[in-house]
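Visitor: give me a model of this one.
(chains A and B)
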Amino acid sequence: MSRHEISLTVNGERYELEVEANRTLLQLLREDLELTGTKQACERGDCGLCTVLLDGVPTKSCLVLAVEVDGREVTTVEGLSRGEELTPVQRAFIEQGAVQCGFCTPAFILAGEALLKHNPRPTEEEVKEAVGGILCRCTGYRQIIDAILDASKSAKK
Amino acid sequence: MKKYSYVGKGVPRIDAFEKVTGTAQYTADLRLPGMLYTKLLKSPHAHARIIRIDTSEAEKLLGVRAILTGKEVPYKFGIYMQDKETLAQKKVHHVGEPVVAVAADTEEIAEQAVELIKVEYEELPAVFDQRDAMKEGAPLVHERLHEYKHAPFIFPKPHTNIANHFKLRKGDVERGFKEADVIVENEFYQPQVQNVQMETHTSIGQWLPNGQINIWTSAQSPFAVRHLLSVGLGVPIHKINVVVPYLGGGFGGKAGLHWEPLVVLLSRKAGGRPVRLVMTREEQFNTTAVRQGFYARVKTGVKRDGKIVAEELLFLWDAGAYADYGVNITRAAGYSCTGPYEIPNVKCDSITVYTNHPYGTAYRGFGHPEFHFATERQMDLVARAIGMDPVEFRLKNAALPGRITATGEKLREDAGRVDECIKVVVEAIGWGKKEPKQVGGKLRGKGIAALWKAPAMPSYTSSSAILKLNEDGTVTLSIGSIEMGQGTPTALAQMVAEELQMPIEKVKVVTKRETDFSPYTWQTVASRGLFMEGNATLDAVRKLKEQVRETAAELFGVPKEELVVAEEKVFVPGKPDKSMPLAKLATAGIFPDGRGIGGPVLGYGMYTAEGLTNLDPETGQGLPALMWTFGAQGAEVEVDSETGEVRVLKMVSAFDIGKSINPVLLKGQVYGGIVQGIGSALMEEFIFNEKGALLNNNLTDYKICRAQDIPDEFVFIPIENPQRNAPYGVRGVGEHVRISVEPAIANAIYDATGVDLFEIPMNRERVWRALKQRGEKVASA
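Guide: Presented below is the predicted three-dimensional model:
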């Protein structure tokens, strides 16, 4: 397997790495950078739990090769809060009870963050659309949708 | 006096911060020094003898550290029936069963090694339908069933595929049918489905040369893992330590023992290096446990006035290749078989049948979602046969306090009220209101279904809790029950804060479980946690207070009965000089001259299930229930008669939960359970080819509900008739929320279309076919 040098920014930190051609962004994040907040649950793009922001766009990291992210910027769940200070979306997830087992939570929060960035006042249908590619087996989605809508109201105007 | 009040408040879950920041660790997030990675070679056949396994090429591969075959691990495991092989030994029992396991430096190397292994099989006749598997001369999935060890309340039939036959006999069912004015008989069917926890089964095992076994695993029941491993391997329990970090969903499928023996045995072969196995999603469907398939025949005898006089039920469970929890699901469904109704004459045979399908296990509801689909459909069908309103019919037969259940139990006065649940659901769904049946070319209808369930568990299960007073006056609670999303630890923190009248910020509940340190609990299953761990926790609080009072009584020179522990102090009310912060006696009490008394304060609490008995093996009579939680579900649906698509517009639910400890977390259970129920009602099913291979073993072809699939509206109405022997009066509800969703929807589909469905999932094709068939009947009539 050929190896390639790449450089990328993850959560504001720069990395220069050598990766095998078949390594996925998900593997790079979880195994090489030990950022385990991004979850692996199907490895074929069905479940959306490995969602990260690639240049701000929600992206299933199991479907992206590490070599493709050369020179690009990745945000994972670990890159959202600053110390104890949570984002409005994270806070709303806690307040609305949108978290249960927590395994899908990072993906939904990232999708919510990205949605509110380009659409600060989404409708319920737009929220459902934005998180429609991510699966959750615990919550029944209602409180996740409510949390994102709630965050859109509480975010600074 | 009550300064703090946490019970009944929507306190944020204690694990939420870790989970929203991605710092919560799950088993697959752990990395241990020297850890090896596992890949499995799985059976392509449903039933075949293993003739030869050639691992020689795989062994040569650099980085392969251990290869294990079934011959080397001749152990049998099982919670109620010791039938489960770690790796197939002489033959394979289902497609996807592990045959060879490879541990290597990386997953890639392990995968390459698996591809180099050659296995020669001789195919055997297989059996895929539980009804066929019960026939004389059917291929036997387990020829040596008669030799297997099993729990005393499980009744296998040697030299057949029957792993358990539960019998219930109440009254005289034949006489009952003679008294009946109308008899209605129907058959119902459900396929195997999967729990689809977002975290697949994950285990890390280490068997050190000194005999110490360490396990990190995605398990609901760390103490059961330890116990079952000890029994299966013949290793003493104190040599086994089981750690459970956060669990990414369980829903019953991670209860008991699953892949822990495999990683431990691989580790032994690899010289004690830790070995990890993360199931792929495909393996989660094919290889790990699933929910049993279900067939029911229900015959009901009823008087014209609506009183049910007799019911005869046959439940046949497609257990798949191994019995696992299936045999006890069979039993639990059997003793609850009537649903929440009093019926004087009942006969039920509930039978677990081995087939060559993936093996069945617990899935949220433990058989109750399955049989309630049959019995709650039947309630509507019987009501219709005598021309009675289905709501009135249910209320007429409701199992109210004082009434006698199918096992002969007289329901306690504080048992909870199914009639109240039904009435509020009926009101909120607008039952009987004249509303347009056709909206925008689609047909609308409403349906209801009631439910009950008690924790299914041995009669004597127990729980314990340890509450430590820390040096600064904060407290730390340890329990054995795990956090899998249900929120029990948060609810217990609320109870401790309430009981000690202290700020909840000063109460810590340990979220990681480790059997060497955590107090014992039987399992995190059966909707028993809040009731049982709650009672153990309240007992721990009592003991902690008692120890504080004993020490303070000596320090103050007053009788301990005069002392109160609250607001982070111990004090004699009205005497400000007789008051001391708890912090001051957390490790010992200190007299003014410096002498110490007492010692570190620790409350050890326990609770053992009360009032349960064994059931009679011939009649099923006895006391199986710690508590019954009653409920009702109402569904409003819209059916597209062109496509057969069913959309759930509204779900109304009520459960008599006794007391809501945390309404936010409770709502989460309700919504989540209902949406799981909608998944199995409308879309989820295992589709096999004729050779028993699962065709939809991924999340593209096996759909679960997405955000777009949820009802437009949820209405949840908690009913709070407290259970006197429960902490704050609570009853379990974690499973109940996904019971009777399917029949409520099916009954609503009938209301909308006039078509009766007897099989789930009620997907587009099935509904469309049923509509078309009816159309043809109408046309030819």
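
Visitor: can we go C-alpha only for contacts and neighbour counts from here?
Guide: OK.

Visitor: which one is B:Ser221 nearest to, not counting chain neighbours?
Guide: B:Gln523 (4.5 Å; Cα to Cα, 6 or more residues apart in numbering or on different chains).

Visitor: tell me which helix or strand the one you found sits in.
Guide: Secondary structure from DSSP states H and E places B:Gln523 outside every helix and strand.

Visitor: can you name the residues that contact it?
Guide: Taking Cα atoms under 8 Å, 6 or more residues apart in numbering or on different chains, we find B:Gln523 in contact with B:220-224, B:255-256, B:481.

Visitor: buried stuff in stretch B:170-181?
Guide: By 16 or more other Cα atoms under 10 Å in any protein chain shown, the buried positions in stretch B:170-181 come out as B:170-171, B:173, B:176-177, B:180.

Visitor: hmm, B:Leu585 is touching B:Arg549, no?
Guide: No. Using Cα atoms under 8 Å, B:Leu585 is not in contact with B:Arg549; the gap is 10.1 Å.

Visitor: of these two, who's got more company?
Guide: Counted by other Cα atoms under 10 Å in any protein chain shown, B:Leu585 and B:Arg549 do not tie: B:Leu585 has more neighbours, with 28 against 23.

Visitor: show me what contacts the more buried one?
Guide: Counting by Cα under 8 Å, 6+ apart, B:Leu585 has contacts B:471, B:548, B:551-552, B:599-601.

Visitor: of the residues you listed, list those near chain A.
Guide: Among these, proximity to chain A is found for none (Cα under 8 Å from any Cα of the partner chain).

Visitor: just put those in a markdown table and tack on secondary structure, pLDDT and neighbour count.
Guide: Below are those laid out as a markdown table (DSSP: H, G, I helix; E, B strand; the rest coil; pLDDT from 0 to 100; neighbours: other Cα atoms under 10 Å in any protein chain shown):
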| residue | secondary structure | pLDDT | neighbour count |
| --- | --- | --- | --- |
| B:Glu471 | coil | 98 | 16 |
| B:Val548 | helix | 98 | 29 |
| B:Thr551 | helix | 98 | 21 |
| B:Ala552 | helix | 98 | 30 |
| B:Gly599 | coil | 97 | 14 |
| B:Pro600 | coil | 98 | 16 |
| B:Val601 | coil | 98 | 25 |
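
Visitor: out of those, the closest to B:Asp324 would be?
Guide: B:Val601 (41.4 Å; Cα to Cα).

Visitor: distance of the closest one relative to B:Val548?
Guide: B:Val601 is 7 Å from B:Val548, where distance means Cα to Cα, to the nearest Å.

Visitor: repeat that for B:Tyr460.
Guide: The gap separating B:Tyr460 from B:Val548 is 31 Å, by Cα to Cα.

Visitor: A:Val99 now?
Guide: Using Cα to Cα, A:Val99 is found at 37 Å from B:Val548.

Visitor: stretch A:120-131 and chain B in contact?
Guide: Yes. Looking at stretch A:120-131 against chain B by Cα under 8 Å from any Cα, the contacts come from A:128-129, A:131.

Visitor: and the contacts of that stretch?
Guide: Residues contacting stretch A:120-131 (Cα under 8 Å, 6+ apart): A:108, A:111-112, A:115-116, A:145, A:148-149, A:152-153, B:707-708.

Visitor: B:Arg268 reaches B:Gly211, doesn't it?
Guide: No. B:Arg268 lies out of contact with B:Gly211 (Cα under 8 Å); the separation is 9.3 Å.

Visitor: OK, contacts around residue 105?
Guide: In the absence of a named chain, this looks at chain A. A:99, B:19-20.

Visitor: wrong one, chain B
Guide: B:35-37, B:63-65.

Visitor: please repeat the previous calculation with a cut-off of 7 Å.
Guide: By Cα atoms under 7 Å, 6 or more residues apart in numbering or on different chains, the residues touching B:Asp105 are B:36-37, B:63-64.

Visitor: highest neighbour count among these?
Guide: Compared across the contacts of B:Asp105, B:Leu36 has the highest neighbour count, 29 neighbours, by other Cα under 10 Å.
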